[in-house]
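S.K.: Here is a sequence together with a model predicted from it:
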Amino acid sequence: MRFDMGHRYGAHMKLVVQVKLLPSPGQAAALEATLLACNDAANWVAEVAFGMTSRRNYDVRKRTYANLRAAGIGSQAAQHVIKKVCDAYTTLKVNIRAGNLGEPGSSRRVRAESKSVRFRPDAAQPYDQRNLSFALDARTVSLWTISGRLKDVPFIGSQSQLEQLAAHPRGESDLIHRSGMWFLAVTLDVPDPDPHEPDGWLGVDLGIVNIATTSDGKRMAGRVLNRYRRRQLALRRKLQAKATKSAKRLLKRQRRREARFAADTNHCIAKTEDLTGIRARVRLRKDQRSSLHSWAFAQLGRFIAYKARRSGVAVAYVNPAHTSQQCSECSYTDRNNRAGQATFACRACGAILHADVNGSRNIALRADAAWLAGRQSSVPEPVLGLVLDAA
Ligand SMILES: [Zn+2]
């Protein structure tokens, strides 16, 4: 495992903005018919792919694309349908490999492996710039449907969503039908906010013994949040003293960011705790276990990196080796320092600490060292391809 710092200057990340469509009854009928047609098509492609030895996009497309076009599916939509199917098979494969569907031979796994993947008649359909366009000023979209191009479909979004839509390049969008309402989930390519110079670290323990459990997580999160709030309060006072229009705007933005940061931090902890027991539930052979770990590490790591980057919070990945055996007071490292699962007792200096507190402090010390060394991140793409080597 390396010491890595998550932030790179000039880096970009994906942000998803969801706007609500307000189609007329006639437009809604066309959208509904479109999802139905695309998911019918997807189910057919899935059956074809199920019988193929290679389910790579290129191979599946060769066998299915012409039929989809003949059935009236637009060329972009047809490619998205095929990709949706291939992605579903890849996800299934990853889940099976990770043991999420049980051991080989278990009824759940057999069921999943013995038939083609299926899509709900109203499952989301991806669009891109070629078959979906935005008129931001008019607040309408125009998009491909099975009954021709649909123009001037009104949409609504919050002020900040509209600003983000206008400010950043758009990638793919998902057309979503949920509880009788229509949405577009638009992917934006957003530059990273510059991280604040950190004055503390939130240690998230991805340790092997308690994978992704942070019994001290809440306490640590609370400390970091308080420090963050104090810092933001000082900034707010400074802005309030100014009382200009732009200062007010900054204040508003800052309050929102603070609320988000609190929510994000808590979400991180909640998410972290969701992964507790993943090892207990899944019994795998030893060689499979290590791949389950890297899967869980990568999932959690990606989530934390994403949330942190959204809030402009720096991320440092540190080598967690021996953080539970090392004394955060005197650095003495000994396996016997650990008196039990919950208690750390140093054989050299006699310090007695909660084991997780001691571990978190060690991680914070290492993060500080990495930050002070000014190391640039060697994580290639934190949102999509973060690699957390298991120690
Ligand atoms: Zn000590």
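M.R.: Happy to help now that I have it.
S.K.: List phi and psi for Thr34.
M.R.: phi -70, psi -50 (degrees, to the nearest 10).
S.K.: Can you tell me which helix or strand of the chain has the lowest average pLDDT?
M.R.: helix 382-385 (a mean of 25; mean pLDDT, DSSP states H and E).
S.K.: shouldn't Trp182 be in contact with Asp174?
M.R.: No - Trp182 is beyond contact range of Asp174, at 11.2 Å (criterion: Cβ atoms under 8 Å). For the C-beta atoms, the positions are set from N, CA and C on the backbone; glycine is no exception.
S.K.: phi, psi of Val94?
M.R.: According to degrees, to the nearest 10, Val94 has phi -60, psi -40.
S.K.: mind checking how far it is from the ion?
M.R.: 43 Å (Cβ to the ion, to the nearest Å).
S.K.: residues near that residue, how many?
M.R.: Residues near Val94, counting by other Cβ atoms under 10 Å, number 12.
S.K.: List the contacts of Thr34.
M.R.: Residues counted as contacts of Thr34 (Cβ atoms under 8 Å, 6 or more residues apart in numbering) are 125, 144-147, 175.
S.K.: Report the rounded mean pLDDT for stretch 127-140.
M.R.: Averaging pLDDT along stretch 127-140 gives 94.
S.K.: where does the stretch 151-300 of the chain dip in pLDDT?
M.R.: 192-243, 251, 254-300 (pLDDT under 70).
S.K.: What residues does it have near the ion?
M.R.: Residues of the stretch 151-300 of the chain lying near the ion by Cβ under 5 Å from the ion: none.
S.K.: Met181 pairs with what?
M.R.: Arg178 (DSSP bridges).
S.K.: was I right about it contacting Leu22?
M.R.: No - with contacts counted by Cβ under 8 Å, Met181 stays clear of Leu22, the gap being 9.2 Å.
S.K.: Name the residue in these two with the higher neighbour count.
M.R.: Between Met181 and Leu22, counting by other Cβ under 10 Å, Leu22 is the more crowded of the two (15 against 12).
S.K.: if I pick the more buried one, what's in contact with it?
M.R.: 153-156, 182.
S.K.: Make CSV out of those and add secondary structure.
M.R.: What follows is the contacts of Leu22, written out as CSV (DSSP: H, G, I helix; E, B strand; the rest coil):
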residue, secondary structure
Val153, strand
Pro154, strand
Phe155, strand
Ile156, strand
Trp182, strand
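S.K.: Just give me the closest of those residues to Asp87.
M.R.: Nearest to Asp87 among these is Trp182, at 22.6 Å by Cβ to Cβ.
S.K.: Could you report the distance from the closest residue in space to the closest one that isn't next to it in sequence to the ion?
M.R.: Spatial nearest neighbour of Trp182, excluding adjacent residues (Cβ to Cβ, 6 or more residues apart in numbering): Leu21 at 3.9 Å. Distance check for Leu21 against the ion: by Cβ to the ion, it reads 61 Å.
S.K.: Look up the residues forming beta bridges with Leu21.
M.R.: Here Leu21, judged by DSSP bridges, has bridge partners Phe155, Trp182.
S.K.: for it, what are its contacts?
M.R.: Here Leu21 is in contact with 31, 141, 153-155, 182-184 (Cβ under 8 Å, 6+ apart).
S.K.: The same query, at a cut-off of 10 Å, please.
M.R.: 27-28, 31, 140-141, 143, 153-156, 175-177, 181-184 (Cβ atoms under 10 Å, 6 or more residues apart in numbering).
S.K.: Narrow those to just the buried residues.
M.R.: The neighbour-count criterion (16 or more other Cβ atoms under 10 Å) marks 27-28, 31, 140-141, 143, 153, 155, 175-177, 182-184 among the contacts of Leu21 as buried.
S.K.: nearest to His80, of these?
M.R.: Nearest to His80 among these, with distances taken as Cβ to Cβ, is Leu175, at 10.1 Å.
S.K.: so what's that closest one closest to, chain neighbours aside?
M.R.: For Leu175, the spatially nearest residue (Cβ to Cβ, 6+ apart) is Gln125, at 4.9 Å.
S.K.: Phe344 and Arg338 touch, don't they?
M.R.: Yes - contact criterion Cβ atoms under 10 Å: Phe344 and Arg338 qualify, at 6.1 Å.
S.K.: Looking at these two, which is more packed in?
M.R.: The neighbour comparison of Phe344 against Arg338 (other Cβ under 10 Å) goes to Phe344, with 25 against 18.
S.K.: so the more buried one is in which element?
M.R.: strand 343-345 (DSSP states H and E).
S.K.: coming back round to it: ranking by neighbours, what's the top pick from the contacts of Thr34?
M.R.: Gln125 (26 neighbours).
S.K.: then stretch 96-115 to PDB, C-alphas only?
M.R.: C-alpha atoms of stretch 96-115 as PDB (Å, rounded to 0.1, in the frame of the first residue of the first chain):
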ATOM      1  CA  ILE A  96     -20.900 -13.600  -8.500                       C
ATOM      2  CA  ARG A  97     -17.200 -13.400  -8.200                       C
ATOM      3  CA  ALA A  98     -17.400 -11.300  -5.000                       C
ATOM      4  CA  GLY A  99     -19.700 -14.000  -3.500                       C
ATOM      5  CA  ASN A 100     -22.700 -11.700  -3.200                       C
ATOM      6  CA  LEU A 101     -25.000 -14.300  -4.600                       C
ATOM      7  CA  GLY A 102     -23.700 -17.100  -2.400                       C
ATOM      8  CA  GLU A 103     -21.400 -20.100  -3.000                       C
ATOM      9  CA  PRO A 104     -21.300 -22.000  -6.200                       C
ATOM     10  CA  GLY A 105     -24.300 -24.200  -6.300                       C
ATOM     11  CA  SER A 106     -26.400 -22.100  -3.900                       C
ATOM     12  CA  SER A 107     -30.000 -21.700  -5.100                       C
ATOM     13  CA  ARG A 108     -29.700 -17.900  -5.500                       C
ATOM     14  CA  ARG A 109     -26.500 -18.200  -7.600                       C
ATOM     15  CA  VAL A 110     -27.900 -21.000  -9.700                       C
ATOM     16  CA  ARG A 111     -31.000 -19.000 -10.400                       C
ATOM     17  CA  ALA A 112     -28.900 -15.900 -11.400                       C
ATOM     18  CA  GLU A 113     -26.700 -18.000 -13.700                       C
ATOM     19  CA  SER A 114     -29.300 -20.100 -15.400                       C
ATOM     20  CA  LYS A 115     -31.200 -17.400 -17.200                       C
END
